[in-house]
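Student: structure for the following, please:
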Amino acid sequence: MMALLLGIAPDEERASYIGLVNTVLGIVNFLPILSGAIIDWVGFELVFFAVTGLLLLGYLATLGWKS
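Tutor: Residues are numbered from 1 along each chain as shown. You can find the predicted model right below:
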């Protein structure tokens, strides 16, 4: 990812591009900690039911798509 970013970023804005990517990815790096805290708080069963429901909603949303 970083090599692609270095390839497409203009020379004068390269530092800004890298800073933005590192900021976004820094937030994403905390998601496993947050998900572990949620699982400790509500339990695995509720998380599995929520994921199953979201997968079903995603599948139903794609039924009308034409390829």
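
Student: how much space between the spatially most central residue of the chain and F48?
Tutor: Residue closest to the average C-alpha location in the chain (Cα atoms, centre = their mean): V28, at 6.6 Å. As defined by Cβ to Cβ, to the nearest Å, V28 lies at a distance of 23 Å from F48. C-beta: built from backbone N, CA, C; applies to glycine.

Student: for L60, same thing?
Tutor: Taken as Cβ to Cβ, the spacing of L60 relative to F48 amounts to 19 Å.

Student: how about G19?
Tutor: 38 Å.

Student: cool, S16 as well?
Tutor: 41 Å.

Student: do the same with L34
Tutor: For L34, the distance to F48 (Cβ to Cβ) stands at 17 Å.

Student: then W41?
Tutor: Going from W41 to F48 by Cβ to Cβ gives 15 Å.

Student: ok, now L6?
Tutor: 40 Å.

Student: with R14 instead?
Tutor: Look at R14 and F48: by Cβ to Cβ, they are 43 Å apart.

Student: next secondary structure element downstream of the worst-scoring helix or strand of the chain on mean pLDDT?
Tutor: Every helix and strand of the chain was ranked by mean pLDDT, DSSP states H and E. The lowest is helix 2-8, at a mean of 85. Tracing the chain past helix 2-8, the next element assigned as helix or strand by DSSP states H and E is helix 14-28.

Student: I'm done for today, thanks for sticking with me.
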